[in-house]
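*Asks:* Model the following, please.
(one chain, ligands or ions: 1)
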Amino acid sequence: MNARNIILGIDGIPFELMDSLSDKGVMPNFKELKSNFYFKEMKSSIPHISSVSWSSIITGKNPGEHGIFGFSELIEGTYSLSYPNFNALKCKPFWHQQNENKHVIINVPATYPAKILNGVHIAGFVALDLEKAVYPKTCIPSLKQLNYVIDIDSSLAHKQSKDILFDELMKVLDIRKNTYQFFWNKLNWLNFMVVITSSDRFGHFLWNTYANSDNKWHSRAVQFFQKIDDFIGDIKDKLKENDNFIILSDHGMEEIKQNMNLNTYLEHEGFLKLSDKYKNYNRIAKGTKAFVLDPGRIYLNKEGKYPNGSVFKSEEKEIIADLKNILYDLKYQNQKVIRKVHEKNEIYNGVNIDKAPDLVVLENSGFRPKGSIGKESIFEEDNLSGMHNDSAFLFINKKINIQKPNVQDVIGFLGGN
Ligand SMILES: [Zn+2]
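*Replies:* This is a model prediction of the structure:
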């Protein structure tokens, strides 16, 4: 009989935090697991955001192949934004690679709308409509009974009392746990994957409550992580002898210091020209050499590719070199804020590389790259508490010897394929 695979995703939890929470006794179940098996820091995708990273985890491919480079794209031949969903993924996730076995897939980001599979699929954010997020639809009444929700109500983040947001995070975590329990015995599955996304929301809105032990809500942050550990323990107790159990995050998290409006910087340096006529990226005018999409994806405004394209093939190399120079020069209070500027060929390969950004910026700790258009200042405060970094983690209940795993490697650890 094939070994079963159970994958528990914990969105947005960095290696270092998972390591220290278990050492400090907040996560005893995970402590036991990590002490006996494989637990390492894992490199997130570039850029380190959920839609890109989870797409690499479930397909085993890099963005140049699977075609997901960010939460947003420009519609071909225009400056209008689109938001690629599961239909834009150009490679098959593991559950479409083996139809002979049953799969239960719950809350994996960027898998909306749900598609036919042998088993059950409940898509994660950004899922707009539960009806389209679920396959087969016959599961919807059960999900309604479980009070299933796709995400937390983020508007609660703006309430004065953080208790309300913690209550919401806990509630949604309970719903996710009840849902996984409901499907665990329903089907004779080979692959079971469930992702906790409350952890990422915790990071964005409440990172300081845990990072700062004097914080008024610190004990609630500890309770939240204990609850995640209970989830881990619940799965651990259900495992059969040969089951593969993988626990992982898609990216890490750290304290946010400043937002960097890179388009504003490009405008100051003469690479970006904006008209006042239109809105958003449609403001990009003739004479623009480059522009930025979230988080730090830089595109040359190529002639023939965009309506106001102003970069000829013969100029590309020089503009890229100039861009790299000014980006490495960018400072906040005398501190360099950009750690690395990658050219697309250094980080991506595959048939969809034409859609890739020409450059991707990786930031120094605490400086969050943004692609907003028309902002007055390059640097600004954010009312969020945490931002992503590239330090994800990978746990497998096996003894393996891989020093630097990457999100694309995960699929290779599934047994029974
Ligand atoms: Zn996030």
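
*Asks:* neighbouring contacts of stretch 274-293?
*Replies:* Contact with stretch 274-293 is made by 70, 72-74, 78-81, 262-263, 266-267, 270-273, 298-301, 306, 308, 310-311, 319, 323, 357-358, 369-371, 373-374, as judged by CB atoms under 8 Å, 6 or more residues apart in numbering. Glycine gets a C-beta too; all of them are placed from N, C-alpha and C.

*Asks:* nope, stretch 230-238 is what I was after
*Replies:* The set of residues that contact stretch 230-238 without belonging to it, under CB under 8 Å, 6+ apart, is 6, 8, 27-30, 32-33, 173, 176-177, 180-181, 184, 196, 245, 247.

*Asks:* 10 Å instead?
*Replies:* Identification of contacts with stretch 230-238 by CB atoms under 10 Å, 6 or more residues apart in numbering yields 6, 8, 10, 22, 27-30, 32-33, 173-174, 176-177, 180-181, 184-185, 192, 194, 196, 229, 243, 245, 247, 395, 397.

*Asks:* Narrow those to those in helices?
*Replies:* Per DSSP state H, helices hold the following members of these: 22, 28-30, 32-33, 173-174, 176-177, 180-181, 184, 229.

*Asks:* For those residues, give me JSON lines that also has neighbour count and distance to V222.
*Replies:* Listed next are the ones in helices among the contacts of stretch 230-238 as JSON lines, based on neighbours: other CB atoms under 10 Å; distance: CB to CB, whole Å:
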{"residue": "S22", "neighbour count": "22", "distance to V222": "13"}
{"residue": "P28", "neighbour count": "14", "distance to V222": "13"}
{"residue": "N29", "neighbour count": "19", "distance to V222": "15"}
{"residue": "F30", "neighbour count": "24", "distance to V222": "14"}
{"residue": "E32", "neighbour count": "14", "distance to V222": "19"}
{"residue": "L33", "neighbour count": "21", "distance to V222": "19"}
{"residue": "L173", "neighbour count": "21", "distance to V222": "14"}
{"residue": "D174", "neighbour count": "16", "distance to V222": "17"}
{"residue": "R176", "neighbour count": "23", "distance to V222": "19"}
{"residue": "K177", "neighbour count": "18", "distance to V222": "18"}
{"residue": "Y180", "neighbour count": "22", "distance to V222": "23"}
{"residue": "Q181", "neighbour count": "14", "distance to V222": "24"}
{"residue": "W184", "neighbour count": "16", "distance to V222": "27"}
{"residue": "D229", "neighbour count": "20", "distance to V222": "10"}
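
*Asks:* Turn those into TSV, including distance to Y281 and pLDDT.
*Replies:* Conversion of the ones in helices among the contacts of stretch 230-238 to TSV gives the following (distance: CB to CB, whole Å; pLDDT from 0 to 100):
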residue	distance to Y281	pLDDT
S22	44	97
P28	49	98
N29	46	98
F30	43	98
E32	50	98
L33	46	98
L173	37	97
D174	40	97
R176	35	97
K177	41	98
Y180	40	98
Q181	44	98
W184	45	97
D229	43	98
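
*Asks:* residues near D129, how many?
*Replies:* 11 (other CB atoms under 10 Å).

*Asks:* Kindly report the same for the one 4 residues further on.
*Replies:* Other residues within reach of A133 by the criterion other CB under 10 Å amount to 23.

*Asks:* For it, give me its contacts.
*Replies:* Going by CB under 10 Å, 6+ apart, A133 touches 86, 107, 111-114, 121-125, 127, 140, 143, 148, 150.

*Asks:* about what we covered before: now, which of the contacts of stretch 274-293 lie within helices?
*Replies:* Among these, the subset assigned to helices under DSSP H consists of L262, N263, L266, E267, I319, L323.

*Asks:* Correct me if wrong: the first one contacts V360.
*Replies:* Put plainly, it is L262. No - in terms of CB atoms under 10 Å, L262 does not count as a neighbour of V360; the distance is 11.2 Å.

*Asks:* More neighbours: which of the two?
*Replies:* Each of L262 and V360 had its neighbours counted (other CB under 10 Å), and the higher figure belongs to L262 (29 against 24).

*Asks:* how much space between the more buried one and D294?
*Replies:* L262 sits 10 Å away from D294, taking CB to CB, to the nearest Å as the criterion.

*Asks:* anything in contact with each of these two?
*Replies:* Taking CB under 10 Å, 6+ apart as the contact criterion, the residues that touch both L262 and D294 are P369, K370, G371, S372.

*Asks:* How about the contacts made by the nearest residue to D174 once chain neighbours are set aside?
*Replies:* Taking CB to CB, 6 or more residues apart in numbering as the measure, D174 lies nearest to K227, with 8.0 Å between them; neighbours along the chain are not counted. By CB under 10 Å, 6+ apart, the contact set of K227 is L169, M170, L173, D174, K177, I196, S198.

*Asks:* For S72, the count of nearby residues, please.
*Replies:* If we define neighbours as other CB under 10 Å, then S72 has 15 of them.

*Asks:* Mark which of the contacts of stretch 274-293 are buried, thanks.
*Replies:* 70, 73-74, 79, 81, 262-263, 266-267, 271-273, 298-301, 306, 308, 310-311, 319, 323, 357-358, 369-371, 373 (16 or more other CB atoms under 10 Å).

*Asks:* In strands, which of those residues fall?
*Replies:* Filtering the buried ones among the contacts of stretch 274-293 for membership in strands, criterion DSSP state E, returns E73, L74, L81, I298, Y299, L300, P369, K370.

*Asks:* The fifth one pairs with what?
*Replies:* The bridge-partner assignment for Y299, based on DSSP bridges, gives F291.

*Asks:* mind exporting stretch 182-202 as CSV, just the C-alpha atoms?
*Replies:* Backbone C-alpha positions of stretch 182-202 (Å, rounded to 0.1, in the frame of the first residue of the first chain) are rendered in CSV as follows:
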residue,chain,number,x,y,z
PHE,A,182,-14.7,16.3,9.2
PHE,A,183,-13.0,15.2,6.0
TRP,A,184,-10.3,13.1,7.6
ASN,A,185,-12.4,10.0,7.9
LYS,A,186,-14.9,10.8,5.1
LEU,A,187,-12.7,9.7,2.2
ASN,A,188,-10.0,7.1,1.7
TRP,A,189,-7.4,9.6,0.6
LEU,A,190,-3.8,9.3,-0.3
ASN,A,191,-3.0,13.1,0.0
PHE,A,192,-4.4,15.4,2.6
MET,A,193,-3.4,19.0,2.6
VAL,A,194,-4.7,21.8,4.8
VAL,A,195,-3.3,25.3,5.2
ILE,A,196,-3.7,27.6,8.2
THR,A,197,-3.8,31.3,7.0
SER,A,198,-4.7,32.9,10.3
SER,A,199,-1.0,32.8,11.0
ASP,A,200,-0.2,35.2,8.1
ARG,A,201,-2.9,37.6,9.2
PHE,A,202,-1.5,37.4,12.8
